[in-house]
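Trainee: Here's my sequence, what's the structure:
(one chain, ligands or ions: 1)
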Amino acid sequence: MKKTPIIQCTITASLLAIGLNSATATDLYQEMGITKPEQEAIMSAINSAREISKRAEQYNGLPYRRDAHAKATGCARATFSINPDIPERFKAGMFADADKQYLAWIRFSNGDMLVQADSKGDARGMAVKVMGVPGKAIAPELGETHNQDFIMTNTPAFFNRNIFDYADDMLYLAKFERTKWFISFFPPRLHPKQFYRAIQTVSSVIDTPLNAQYFSMLPYRLGKSTIKFSTKPCSGMSFPNKVDKSNPDYLSKQLETQLANGGACFEFMLQEKVPGHYMPVDDATAIWSEKASPFITVATINIPPQYLYSDQQQQFCENISMNPWRAVEGWEPLSSLNKARRVVYQAVSKYRHSQNKVPTPEPSSWCINENGEACDENQGLIVSKPTWPLPRCFDQNAKSIDGETLASDCKQQAY
Ligand code: HEM
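Mentor: Got it, this is the predicted structure:
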């Protein structure tokens, strides 16, 4: 790909400033077929992200946080199990082996760049890191970690169509002018659909991160299928009817109480792009019709009863990084926004870690001992006998004090 010297120079300078090897990024751009206007939009997005991170630090205090989804509501240990009846066409990449179970971490978060009260309307994030996945990494610059990340929020569509919308919008966000790109009188501007999606995004208030549906919003390729993915709570879980939202961290409190008293479970689902319907790949404001193509459950995420908030675990939760490109072959993030995320997530993660002078942990198990010492296999888990109701199918991983696995007959039961 040929570039004019001035553009090349600006891009290289920006890449060096964010600590990303410019040769690596230029190779990536070529490999992914990223056009020159897309490259400029990506660089602009990275610069805005750094600006947001810097400005947000004045409000949030140290450490430097993610420029999006700055507040974690908790990080939990989980398992990710491919269902025995996964349809043949989805058996690719990490979904190739039916009935296979992986260990995972989940980071639940609020979407805003500022750390604010949980009762404020906001997007809610669920980022799942599945570990020990066999196969070659699709993005070698992230390392052969054998991990695969699934990153979702609780709205089915995004408030920008593509990388150009995103880069423009970020210029205003970096100045904390949250609505100006969507609607403004001077200069006159209106992006009606994007504005509507943004309002939907920031209107969401939830009772607990365990009782929400989460969506990838962007499409991916799995084997030969083009899909979006989503998680929804398994049936059979019960949640409190009334939640006191006066505590600014009530979502963490809910997580803590609920996981101290029992497990939780999510169905992991895929929605396939089918011909003859409006299911665009590069317009993230479009919701794919569930009537034309319903979500199909292909895996189950179990969260065993556990303690969440040791200092060490909080630190780990702040420092891990999620990236939609951390995945093994058979999987490919699609769309211009997803292409941009390959560079932007890494750049922003590197920036905050270098500002905070901390390493980036990339876990391979549930163990979070910093110095690499072995952990008790039950680290953080609550190994006790739950009292009600038994068997609870979503508590499959709970271990009783006498060592037996609880609810072992659940596999035969439908969720
Ligand atoms: C449209 C689909 C998207 C979804 C579902 C999504 C969701 C999320 C979530 C849940 C997180 C928090 C991850 C964690 O817990 O560590 C996150 C972080 C982040 N997102 Fe997105 N996002 C989307 C699009 C984008 C786009 C298009 C960009 C920029 C091109 C972007 C930039 C970022 C960055 C820079 C972070 C912080 C990464 C880090 O420092 O570790 N996101 N996103």
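Trainee: how about stretch 163-177 against the ligand, any contact?
Mentor: Yes: using CB under 6 Å from any ligand atom, we find that stretch 163-177 touches the ligand at residue 166. C-beta coordinates here come from the backbone N, C-alpha and C atoms, glycine included.
Trainee: Can you tell me what sits against that stretch?
Mentor: Here stretch 163-177 makes contact (CB atoms under 8 Å, 6 or more residues apart in numbering) with 37-38, 40-42, 44-45, 47-49, 51-52, 55, 113, 159-160, 178, 180-182, 191, 194, 336-337, 339-340.
Trainee: can you count the residues close to residue 326?
Mentor: 27 (other CB atoms under 10 Å).
Trainee: Name the residue of the stretch 51-200 of the chain with the shortest distance to the ligand.
Mentor: Proximity to the ligand, evaluated over the stretch 51-200 of the chain using CB to the nearest ligand atom, is greatest for residue 125 at 2.8 Å.
Trainee: just the contacts of stretch 163-177 that are near the ligand?
Mentor: Okay, of those touching the ligand (CB under 6 Å from any ligand atom), that's 45, 49, 337, 340.
Trainee: need the residues of the stretch 1-150 of the chain near the ligand, please.
Mentor: Going by CB under 6 Å from any ligand atom, the residues of the stretch 1-150 of the chain near the ligand are 45, 49, 66, 67, 68, 69, 107, 109, 125, 127.
Trainee: any chance of the residues you listed in TSV, with pLDDT and distance to residue 140 too?
Mentor: Formatted as TSV, these follow (pLDDT from 0 to 100; distance: CB to CB, whole Å):
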residue	pLDDT	distance to residue 140
45	94	23
49	89	23
66	92	23
67	87	25
68	93	25
69	96	25
107	98	24
109	98	27
125	98	26
127	98	21
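Trainee: Most widely separated two among the residues you listed?
Mentor: 45 and 107 (21.8 Å; CB to CB).
Trainee: follow-up on the earlier one: which residues sit in contact with the nearest residue to the residue of the stretch 51-200 of the chain closest to the ligand once chain neighbours are set aside?
Mentor: Closest residue to residue 125 apart from its sequence neighbours, by CB to CB, 6 or more residues apart in numbering: residue 109 at 3.9 Å. Listed by CB under 8 Å, 6+ apart, the contact set of residue 109 reads 69, 70, 71, 72, 73, 124, 125, 126, 127.
Trainee: quick one, longest helix in the chain?
Mentor: What stands out as the longest helix in the chain, according to DSSP state H, is helix 36-60.
Trainee: tell me the average confidence for the helix or strand following that one?
Mentor: Next helix or strand after helix 36-60 toward the C-terminus (DSSP states H and E): strand 71-82. If you average the pLDDT over strand 71-82, you get 97.
Trainee: Figure out how far strand 71-82 is from the centre of its chain.
Mentor: Centroid separation for strand 71-82 versus its chain: 10 Å, with CA atoms, centre = their mean, to the nearest Å.
Trainee: Return the list of strands paired to that strand, each annotated with direction.
Mentor: Strand pairing for strand 71-82, determined by DSSP bridges: strand 101-110 (antiparallel), strand 296-303 (antiparallel).
Trainee: can you confirm residue 342 is in a helix?
Mentor: Yes: counting by DSSP: H, G, I helix; E, B strand; the rest coil, residue 342 is located in a helix.
Trainee: Hmm, residue 333 and it touching each other?
Mentor: Yes: here residue 342 reaches residue 333: they are 7.3 Å apart, a contact under CB atoms under 8 Å.
Trainee: Identify the contacts common to those two.
Mentor: Among the neighbours of residue 342, those also in contact with residue 333 (CB under 8 Å, 6+ apart) are 324, 325.
Trainee: Comparing the two, which residue is more hemmed in?
Mentor: Remark: of residue 342 and residue 333, residue 342 carries more neighbours, 25 against 22, as counted by other CB under 10 Å.
Trainee: Run through the residues that contact the more buried one.
Mentor: 28, 32, 139, 323, 324, 325, 333.
Trainee: ok, now residue 233?
Mentor: Residue 233 neighbours (CB under 8 Å, 6+ apart): 210, 211, 212, 213, 264, 265, 266, 267.
Trainee: Buried ones among those?
Mentor: With neighbours counted by 16 or more other CB atoms under 10 Å, the contacts of residue 233 contain buried members at 210, 211, 212, 213, 264, 265, 266, 267.
Trainee: Switch these over to TSV; also include secondary structure, pLDDT and distance to the ligand.
Mentor: TSV is the format used below for those (DSSP: H, G, I helix; E, B strand; the rest coil; pLDDT from 0 to 100; distance: CB to the nearest ligand atom, whole Å):
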residue	secondary structure	pLDDT	distance to the ligand
210	helix	97	16
211	helix	96	17
212	coil	97	12
213	coil	98	13
264	strand	93	17
265	strand	94	20
266	strand	96	14
267	strand	97	18
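Trainee: Setting aside sequence neighbours, what's the nearest residue to residue 283?
Mentor: residue 161 (4.7 Å).
Trainee: Residue 138 too?
Mentor: In space, and not counting its chain neighbours, residue 138 is closest to residue 327: 5.2 Å by CB to CB, 6+ apart.
Trainee: Fine by me, thanks again.
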